[in-house]
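Colleague: give me a 3D structure for the following:
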Amino acid sequence: MSLFNTDKIRIEDLKMLFEKHTSVKIIDVRSKEKFDQWHIPGSEWVPVNEALKTSDDNVFMDIGFNSDKPVVVVCQEGFLSRKAMEFLRDLDLEAYSLEGGIKEWSRVWNLAKIKVGDTKIIQIRRAGKGCLSYLIINNGEAAVIDTAVDPGVFIDLAGQNQATIKYVLDTHIHADHFSRGRLLAGQTGASLLMPGQNLVQYDCMPVYDNDIIRIGQVTLKAIHTPGHTDESFSYLLDGRFLFTGDLLFLNGAGRPDLKSDEATTRRKTKKLYHSLKKILSLPGDTLILPGHYHKPVRFDGKPVAETLENLKKNLPLINLSEKDFILEILTDIPDTPPNYEQIVELNIAGHAGALDLAELEAGENRCNSQR
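Modeller: Alright, predicted model coming up:
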């Protein structure tokens, strides 16, 4: 029996296969260079790109391709994958073309949950980009931190938990994805909170250091943690859970160089160091919940999180002296994120117009100094 009664599948269909742990073979028919830059985890690169462009009838027979599983073919935008799918079906294989291509992978998300007493923390993870958003629920009220997926996702999750979204917050002005925070606040009537700054061009409530935000019976404390950006904040939930945005990840710290010359980068790196020291003074059992993960997020339901104590043990970077920290950061800066200036401009404006966000946001996140 075939998985689908069609020759092409949507990204939502592929997401469903992952969620059900259905065994499929995913092949990527783009160039090797593009595959190496970014691909769906577990996918296999097949050297047929040029042959597909010339419609070579022996495209797959020449490489002895075979599979005992359904095959999902991925290309850049969905055109070559359709050709490949037709050739594979001629070989009597169950094959499908991924509609929209690899850029659609950046939209796929999955969930993990943490429950402590009457408080629920739902981690919403964009699997392909590693962007992490959070829905905090207590006593019928909810807050969202870093709205990186469609507002409907948060509205549905809040509804499933009989909660009303009261606050929508961002940890900083993002450079790797368009924040849907303003859209979510507009659709729910929630208060839109942003770190205090003079950049955004829309109405919001400014957040300042040590501000307290109440969600049901719990509190969220705002902690100014500049470095990645000057306006970056972390949020501490009931003294136990720390949402660090792009300050601290499970494998490193946020990068301080975006849109900066060397002198400014050095200044921001020093701020980053002192922000980390502020965080490291918290109790060791504080659970760190970052704004990104450094690799694709599995469909395993396990939160991307770690205690501060374990990070101190396993992350040498955060234990360095100020001088060594600055040297380490400045000598290990990754490639600049594609389209980051345009994404920052959109987040300052608060709207994306008719832009194709899947195209704009395609690719891995590169906000991490250590990889």
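Colleague: tally of neighbours for the residue nearest to residue 9 when sequence neighbours are not counted?
Modeller: Sequence neighbours aside, residue 96 is the residue nearest to residue 9 in space, at 4.7 Å (criterion: C-beta to C-beta, 6 or more residues apart in numbering). C-betas here are computed from N, CA, C, even on glycine. By other C-beta atoms under 10 Å, 24 other residues sit near residue 96.
Colleague: same question, the one 3 residues further on
Modeller: Residue 99 has 19 neighbouring residues, counting by other C-beta under 10 Å.
Colleague: correct me, but the residue nearest to residue 9 touches residue 10?
Modeller: No - taking contacts as C-beta atoms under 8 Å, residue 96 lies outside contact range of residue 10: 10.1 Å.
Colleague: ok, for residue 18, nearest residue in space, not its chain neighbours?
Modeller: Leaving aside its sequence neighbours, residue 18 sits nearest to residue 299 (C-beta to C-beta, 6+ apart; 4.5 Å).
Colleague: give me the neighbour count for that neighbour.
Modeller: When neighbours are defined as other C-beta under 10 Å, residue 299 has 19 of them.
Colleague: which strand residues bridge the residue nearest to residue 9?
Modeller: Assessed by DSSP bridges, residue 96 has beta-bridge partners residue 72.
Colleague: okay, it: pLDDT?
Modeller: pLDDT for residue 96: 95.
Colleague: which residues does it contact?
Modeller: Shown in contact with residue 96 (C-beta atoms under 8 Å, 6 or more residues apart in numbering): 3-4, 6-9, 70-73, 85.
Colleague: and the protein, what are its domain boundaries?
Modeller: For the chain, the structural domains run 8-104, 109-361, going by automatic domain parsing.
Colleague: could I get the full set of strands for the stretch 151-300 of the chain?
Modeller: 164-169, 191-195, 205-207, 212-215, 218-224, 233-237, 241-245, 287-290 (DSSP state E, counting those that start in this stretch).
Colleague: so the residue nearest to residue 18 touches residue 110, yeah?
Modeller: Yes - contact criterion C-beta under 8 Å: residue 299 and residue 110 qualify, at 4.9 Å.
Colleague: can you check which residues contact both of the two?
Modeller: 18-19, 127.
Colleague: out of these, which are buried?
Modeller: 18, 127 (16 or more other C-beta atoms under 10 Å).
Colleague: what residues sit buried inside stretch 240-259?
Modeller: Neighbour-count burial for stretch 240-259, counted by 16+ other C-beta under 10 Å, picks out 241-258.
Colleague: pLDDT on that stretch, on average?
Modeller: 91.
Colleague: gap between that stretch and the chain center?
Modeller: Counting by C-alpha atoms, centre = their mean, to the nearest Å, stretch 240-259 is centred 13 Å from the centre of its parent chain.
Colleague: mind saving the C-alpha coords of that stretch as CSV?
Modeller: Output in CSV follows, covering the C-alpha atoms of stretch 240-259 (Å, rounded to 0.1, in the frame of the first residue of the first chain):
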residue,chain,number,x,y,z
ARG,A,240,14.3,27.9,38.1
PHE,A,241,14.2,28.1,34.3
LEU,A,242,16.3,30.6,32.3
PHE,A,243,15.3,31.5,28.7
THR,A,244,18.7,32.7,27.4
GLY,A,245,17.8,33.7,23.8
ASP,A,246,21.0,34.0,21.9
LEU,A,247,23.2,34.6,25.0
LEU,A,248,24.0,31.0,25.9
PHE,A,249,23.5,27.8,24.0
LEU,A,250,24.2,24.2,24.9
ASN,A,251,27.4,24.2,22.9
GLY,A,252,28.6,27.8,23.1
ALA,A,253,27.7,31.5,23.3
GLY,A,254,26.0,34.0,21.0
ARG,A,255,28.1,35.7,18.3
PRO,A,256,28.8,39.4,18.9
ASP,A,257,29.9,40.4,15.4
LEU,A,258,26.8,41.0,13.3
LYS,A,259,26.9,44.3,11.5
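Colleague: low-confidence bits of this structure, can you list those?
Modeller: 1, 258-260, 334-335, 364-371 (pLDDT under 70).
Colleague: do you have the helices of the chain handy? List them.
Modeller: 11-19, 32-37, 49-53, 80-90, 151-160, 181-188, 262-280, 308-314, 322-330, 340-349, 357-361 (DSSP state H).
Colleague: run through the neighbouring helices and strands of the longest one.
Modeller: Using 3 or more C-beta pairs under 8 Å, 6 or more residues apart in numbering; DSSP states H and E, the elements in contact with helix 262-280 are strand 218-224, helix 308-314, helix 322-330.
Colleague: with the third one instead?
Modeller: The helices and strands touching helix 49-53, judged by 3+ C-beta pairs under 8 Å, 6+ apart, are helix 80-90.
Colleague: for residue 253, name its beta-bridge partners.
Modeller: Beta-bridge partners for residue 253, by DSSP bridges, are residue 248.
Colleague: my guess is it meets residue 279, correct?
Modeller: No - using C-beta under 8 Å, residue 253 is not in contact with residue 279, being 10.2 Å away.
Colleague: overlap in contacts, these two.
Modeller: residue 247.
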